[in-house]
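Engineer: 3D model of this:
(2 chains)
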Amino acid sequence: MRYIKLFTPALLTIAMAGFQPAVHAAGKVTYYCSAQEDWCQLMADGFEAKTGIKVNMTRKSSGETLAQLKAEADNPKGDVWWGGTGDPHMQAAEEGLTVAYESPARGELHDWAIAQAESAGNKTIGIYSGALGYGYNEEVLKANNLPEPACWKDLLKPEYKGHVQMANPNSSGTAYTTLATIVQLFGEEEGFEFMKGLHKNINQYTKSGSAPIKAAARGENTIGIVFMHDAVKQAASGFPIKVVAPCEGTGYEIGSMSLIKDARNAENAQKFYDWALSADVQSRSLEVKAFQVMSNTAAKSSPDAPDLDSIKLIDYDFAKYGSSAERKRLLKKWDDEVSNLPQ
Amino acid sequence: MIDTVSLADRQTDSPKHTVQIFNRTALLWLIVAIVAYSCVPWYMLEDGFWSMEWLDGYPFDTDYAPALFLIAQGEKLWLAPIGIAILLAIPAAFLNNTNRLYGWLLITAGAAGLIFLCAQGLSIGIRGWTADWITTLFGELGDRQFGMGYGALLTALALLFFLTTGLAARGAINGDAFVVGAVGFVIAIVTVFIFFPISDMLSSAVKNDDGLFSLTTFYEKFTHRKIWSLACIDGEQSCGVAWNSLFLAVLVGFFTTALGLVFALVATRSGVTQAKLLRPLTVLPIITPPFVIGLAIILLFGLSGTVTTFVADLLGIQPTRWIYGLPGIFIAQLLSFTPIAFLVLIGVVEGVSPAMEEASQTLRATRWHTFKTVSLPLMRPGLANAFLLGFIESMADFGNPLVLGGNYDVLSTEIFFSIVGAQNDQGRAAVLAIVLLLFTLTAFYAQRKWLGQKSYITKTGKGDSGQHTLLPKRILIPCWAIALTWATFTLTIYGMIIYGSFVELWGLNNTLTFKHYQSTFAIAFDENGWRLKGAAWDSFLTTIKIAAIAAPLTAIIGILTAFLLVRQNFFGKNTFEFGTMLSFAIPGTVIGVSYILAFNVPPIEITGTGVILIISFIFRNMPVGVRAGIASMSQLDKSLDEASLTLGASTWRTFTRVVLPLMKPAILAAMVFSFVRAMTAISAVIFLVSAEYNMATSYIIGRVENNDYGIAIAYSTVLIFVMLAIVCLMQLLTRQTRTRHVV
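Structural biologist: Below is the predicted model of the structure:
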């Protein structure tokens, strides 16, 4: 017992010291971030330095964040959700988890960002965009004596059997964008024929969206279907990755930002929102090797970034393919007709 | 705390009780209740209690006010009946505890107060009434309330002890107030932190998309082809996740048990004393952060792995991705869980009494025959336990399948991705969790069945001396071969992990560097003095702090529960035991999700705090504390307790003065184990971390996701060494206490 007697006061001291939140003069803002860790940190530090408002940041993937927003719907803990692919943001808007807001910085944005915001009733806004494509590991390709692919349909060739990787559309937003892109590009019937053909060449459906290109970078895979900026990032980190913009054209994502409904620090969240849309802040994405195209027209982009003007982009229907009903229908069809075919 | 009403006192009806004008136990809890109700802020404070910001405006500001002040101002009137319940208990403090009225007053006050406290907490939330049918019944409330704070917590505790003290006075469990109180307390916390969130989560299995009760939805999801399909037997398609998990778990359970037995035999019966050196291997899986073994295996056996490319070059074949899928998960889990089986079996192998074996040999049996017909059957409980542990660990494992799974889906990862993935289907997650629970609970049941009612006791305390017979040669040689190969393999893996943290980019650029350690754990000195500059410090310190708070609490609750289970007899003991062990069979992912769903809204609103992490660790690791406690308490002779009781000490006094000091090693072990587990846990934690309280493992996952293997491995290496230091320290401490006992 002496044992416990000794420990209890010590523990209480730790507990008391540990749970004393810092004093906040300029207030605080709780910020959910779904982009890469260093970019999230850069945004948090930047905002804190600029305004003196304390930023509480949590980094989670966009799917995890949406799950958290839903779980917290009755009692939201977060104020602003920044980053991550647009679909979960659209879904949050559809389910009334986020609120509409029109920022004064709106006039400086690209048309695609405005268009996406309008289709969600201004409950979300584009902060960056990136085109879908694929990347391959040059060394592994050479070692296997494979031709260099350039189009979507190239990936169906039998010699790529066991060399292609994409994420599972059931678990990854990136892969769902791929499915929706193929359906919009080739039409639903031919699109599903394409997915069936692709299925024969797939060596693994990964859980996370960017995993295929990371595996390719480490030489664990040959071709990975991902967003092109993810592939560029691996190339820029020194991995032998070559990035391909498919010749038939391709879809794209809009990384988004939303204000959470019934937020506790709504005013500070709006300040963050306006600040995050400014050109200066968006140009800083270069510091963390984020190769997306930023939504502010005046923001600088990396010379290595995939140039959206030279890529054939389809007219991606965010409202239709972002809706829960269409998503469920396509995923079920993919589950029933594609995923259970023999490989 | 709760002493006074001891068994001995009551039976002898000692005179000191008749002269006393008030009853200490009742008075103590009455004071707590009154203070909590009228002086402590009732609701949870947004800035935390310890910030003391609430002192400004206290006690009239309705956000900070105690219940009494709220009611006085005409606010939150539904708290009034709780106050009436407390008033009801006042007379009890002035009654003798043998008085019939004393017990009934306390029972009524406690039960009524608790029932009302729960009812108001569950039915009134931050948007008024929490369910439509209550609104229809009573009409709009037009008011709301937030989560319960310290005031409510202390009141609830006092009411609970009113009830248990009352029950004890009416004769429950021999009228022992301490035991009834402890049982009541453990039941209450297990109900609140295990049954409530889990049943809340599992109930979503029988809800359709509109949130309405629907058995057809459940049936559809439960019988889904993706769970139960057997297509892999004849075709090239994959089987359902349930079969995948089951097959893997049986395989892992079987092989970890076999390998563990081999190790245990070599360590104790090879006649080579150095074989004892195998023992330290047992701590490895406990101190290894998740993912690390998986990563090392990829870097060795992946498509571009060191071993794969070497073998492929040697044989002139094309390297393949064979490791992704069943083989990879199997190897990783075998590496991770074999030491656990070893730990279980070494005790059992040592425990088989040499006398039995000697008897067999005296009767002219050969060594081989003795081993086969005497030693091995006596190890059955150990083998069953080891298998069960391997089976459950494999079922619940999350990190290895995530990294190495390939297209081989298992339940634990499927549950995770049903919730966070694009499909976002909580009902499906609940259904999968039910399947997983069915498997683990069946395994528990089957183990009990298999062991049956046979006695495996060989140590009777009489004439146990003697030497274990050595193994027959035909077993010993293969055992040595297997054990050495496996030990070398394990050491290689860990060696590679350390090496990997020092190279630029493993596999591609093998230049040695300190870069990863610098970016994670750098300390800088500038004009402001020393500063922790590394990116990992924040999560590292949080992890240590949370683990340090959770560990002693886990040990205390675990040992207390063990004491109740071993030394006390009461109605419903089996159910009680099952309840405390339940959280061991529930995978962490399920716990994480159910916690975030259950504790994000009033009455208990703790998501985003450090408290939720601490609580999740306590209840995740409590079964281990309980088991350690039971094991060590079974070795303490009951006559020691009885002597203390007979000499007039209360149960509380006996527990703290006799039992606890004798169990110091078990308490220390439970503490270290829960500390280390708290540092390496991931599956529940991933849902519960927040901006302020980020944990090491979730930080590491972030780095792995980002392809920063160097940083992830460097951070893991640091964690491994920190935990190793802690475990060694514990070893030293327990050794000291042991020697002192002998002297």
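Engineer: the longest helix belonging to chain B: which residues count as buried?
Structural biologist: Longest helix of chain B, by residue count under DSSP state H: helix B:709-742. Residues B:709-720, B:722-723, B:726-727, B:730, B:734 are the ones in helix B:709-742 that count as buried (16 or more other CB atoms under 10 Å in any protein chain shown). C-beta here means a position set from N, CA and C on the backbone, and glycine is covered the same way.
Engineer: now stretch A:74-86
Structural biologist: Within stretch A:74-86, the residues that qualify as buried are A:75-86, counting by 16+ other CB under 10 Å.
Engineer: what of stretch B:356-364?
Structural biologist: Those buried within stretch B:356-364 under the rule 16+ other CB under 10 Å are B:357-358, B:360.
Engineer: surely B:Leu163 is in contact with B:Trp104?
Structural biologist: No. Between B:Leu163 and B:Trp104 there is no contact under CB atoms under 8 Å: 11.5 Å.
Engineer: which one of those two has more residues nearby?
Structural biologist: Relative neighbour count places B:Leu163 above the other of B:Leu163 and B:Trp104, with 23 against 14, counting by other CB atoms under 10 Å in any protein chain shown.
Engineer: residue contacts, the more buried one?
Structural biologist: B:106-107, B:110-111, B:114, B:184 (CB atoms under 8 Å, 6 or more residues apart in numbering or on different chains).
Engineer: that one and B:Leu251: what is the separation?
Structural biologist: As judged by CB to CB, to the nearest Å, B:Leu163 and B:Leu251 stand 49 Å apart.
Engineer: among the buried residues of stretch A:74-86, which are in helices?
Structural biologist: Taking DSSP H, the ones among the buried residues of stretch A:74-86 that sit in helices are A:Gly86.
Engineer: now the buried residues of stretch A:74-86 in TSV, with distance to chain B?
Structural biologist: Output for those, formatted as TSV (distance: CB to the nearest CB, whole Å):
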residue	distance to chain B
A:Asn75	5
A:Pro76	9
A:Lys77	5
A:Gly78	9
A:Asp79	11
A:Val80	12
A:Trp81	13
A:Trp82	13
A:Gly83	14
A:Gly84	12
A:Thr85	10
A:Gly86	13
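Engineer: of the buried residues of stretch A:74-86, which belong to strands?
Structural biologist: Secondary structure from DSSP state E places A:80-82 of those in strands.
Engineer: among the residues you listed, find me the one that's closest to A:Ser278.
Structural biologist: A:Trp82 (13.4 Å; CB to CB).
Engineer: the closest residue to the closest one other than its chain neighbours: neighbour count?
Structural biologist: Once flanking residues are discounted, A:Trp82 sits nearest to A:Met257: 4.7 Å by CB to CB, 6 or more residues apart in numbering or on different chains. Here the number of neighbours of A:Met257 (other CB under 10 Å) works out to 27.
Engineer: report the contact partners of A:Met257.
Structural biologist: A:Met257 makes contact with A:80-83, A:89, A:124-125, A:127, A:273, A:276-277, according to CB under 8 Å, 6+ apart.
Engineer: doesn't it belong to a helix?
Structural biologist: No. Looking at A:Met257 with DSSP: H, G, I helix; E, B strand; the rest coil, it is strand, so not inside a helix.
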